[in-house]
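Colleague: Sequence first, predicted coordinates after that:
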Amino acid sequence: MAIHRTPAIVIGRRELGESDRLVDFYTLEFGKLRGVAKAARRARSRFGSALELFTLGELVFFDTGRSELVRVDHFDIVTPFVGLREHLERLGQGAWAIECVARLSADRDPHPALFRLLVRDLRALEGSGRPAWISVCFALRAVDLLGHRPRIDRCLACRRAYPFAEPVLDIALGGLVCALCTPGADALPVSGAVVGVLTRLRGLRWDEALRLTLAPSLDREVGVLVEGLIARLVGQPPRASRFLGQVRRSLSRVAEPPAPRVRR
Ligand SMILES: [Zn+2]
């Protein structure tokens, strides 16, 4: 039975049996791992509050080699990212990011650059007033790292160089398709302005990308495209997207002035 130590982020957890916890980690050295934390739900568990969602820590685990599940020996908190849990939009965007990583990566397939990107994303979300934009920057980089970077320099059907009118993004094909060619049924419409933003973001460092500001309508358009891109790569919209939609709807209701009362 081998013992290992690696930096890891808690990306999911659920109860197991009477007092144990099943925990999903995204780790630097082993990629996605699922572990059993014995007695983690007991009042005086040695894990304390370490196994909360988003927590970055040092994971020590036993790999029996007999099961996909590892045994969590301990998990020492490095950064708990508590700021994410105190703000609904940040919480939702953090959940969205870890769901993207969980669904787009296979078990035990290490990707150190993606791990570091996720840490940077959670760190940025914790302090930012623009969590949705951080998710856009994160998702586009994650997609690139995982080998799904869309080609936006030419039509992938007829090889015509971009720019051309009425481009669509065909995820299955892997990039833009022009109006003269026939894209796949689930291709996403994309404006020239959005293609411009995608091109620009590819030339920027992470911190520069986070500082970029767009007109609100273009910002929304990029957000919709990224959501569509992730949903198609994953095979369905992330669950966190629905949560974010509900948060926004309820916050907008709170912000609306109450309807005037009618006097009888
Ligand atoms: Zn074409």
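Modeller: Structure's in. What do you need?

Colleague: Buried residues of stretch 126-134, list them for me.
Modeller: 126, 128, 130, 131, 132, 133, 134 (16 or more other CB atoms under 10 Å). Where C-beta positions appear, they are placed from N, C-alpha and C, glycine not excepted.

Colleague: Pull the contacting residues for residue 55.
Modeller: When contacts are counted by CB atoms under 8 Å, 6 or more residues apart in numbering, residue 55 touches 9, 10, 75, 77, 79, 80, 81.

Colleague: how near is it to residue 48?
Modeller: 11 Å (CB to CB, to the nearest Å).

Colleague: Quick one: mean pLDDT over stretch 64-76.
Modeller: Stretch 64-76 shows an average pLDDT of 91 in the prediction.

Colleague: Then stretch 216-226?
Modeller: 96.

Colleague: what distance separates it from the middle of the whole chain?
Modeller: 17 Å (CA atoms, centre = their mean, to the nearest Å).

Colleague: What residues sit buried inside that stretch?
Modeller: Buried, per 16+ other CB under 10 Å, within stretch 216-226: 219, 221, 222, 223, 225, 226.

Colleague: Just name the closest of these to the ion, please.
Modeller: residue 225 (19.3 Å; CB to the ion).

Colleague: any idea how far residue 122 is from residue 80?
Modeller: 10 Å.

Colleague: swap in residue 208?
Modeller: 28 Å.

Colleague: do the same with residue 150
Modeller: On the measure of CB to CB, residue 150 and residue 80 end up 35 Å apart.

Colleague: Compare these two (neighbour count), which wins?
Modeller: residue 150 (21 against 17; other CB atoms under 10 Å).

Colleague: Which positions in this protein make contact with the ion?
Modeller: With CB under 5 Å from the ion as the criterion, the chain meets the ion at residues 155, 157, 158, 178, 181.

Colleague: ok so, going back, now do the shared contacts for residue 122 and residue 80.
Modeller: With CB under 8 Å, 6+ apart, residue 122 and residue 80 have common neighbours 54, 56.

Colleague: Could you export the buried residues of stretch 216-226 as a markdown table, including secondary structure?
Modeller: Output for those, formatted as a markdown table (DSSP: H, G, I helix; E, B strand; the rest coil):
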| residue | secondary structure |
| --- | --- |
| 219 | helix |
| 221 | helix |
| 222 | helix |
| 223 | helix |
| 225 | helix |
| 226 | helix |
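
Colleague: which residues of this structure fall in strands?
Modeller: 2-16, 20-27, 31-37, 56-63, 70-79, 168-170, 175-177, 188-189 (DSSP state E).

Colleague: Let's check: the centremost residue of the chain is which one?
Modeller: residue 97 (1.8 Å; CA atoms, centre = their mean).

Colleague: pLDDT weak spots in the stretch 151-264 of the chain?
Modeller: 255-264 (pLDDT under 70).

Colleague: how does it look with 80?
Modeller: 251, 253-264 (pLDDT under 80).

Colleague: before we move on, back to that, now the strands of the chain in a markdown table, with mean neighbour count?
Modeller: Shown next, in a markdown table, are the strands of the chain (neighbours: other CB atoms under 10 Å):
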| stretch | mean neighbour count |
| --- | --- |
| strand 2-16 | 17 |
| strand 20-27 | 22 |
| strand 31-37 | 22 |
| strand 56-63 | 20 |
| strand 70-79 | 18 |
| strand 168-170 | 22 |
| strand 175-177 | 23 |
| strand 188-189 | 17 |
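
Colleague: Columns distance to residue 240 on top of those strands, output as TSV?
Modeller: Listed next are these as TSV, based on distance: least, CB to CB, whole Å:
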stretch	distance to residue 240
strand 2-16	12
strand 20-27	15
strand 31-37	17
strand 56-63	19
strand 70-79	21
strand 168-170	22
strand 175-177	26
strand 188-189	20
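
Colleague: contacting residues around residue 50?
Modeller: With CB under 8 Å, 6+ apart, residue 50 has these contacts: 57, 75, 76, 77.

Colleague: Repeat that for residue 120.
Modeller: With CB under 8 Å, 6+ apart, residue 120 has these contacts: residue 206.

Colleague: mind listing the helices for the stretch 51-200 of the chain?
Modeller: Ranges of helices within the stretch 51-200 of the chain are 88-104, 112-127, 131-145, 192-202, based on DSSP state H, counting those that start in this stretch.
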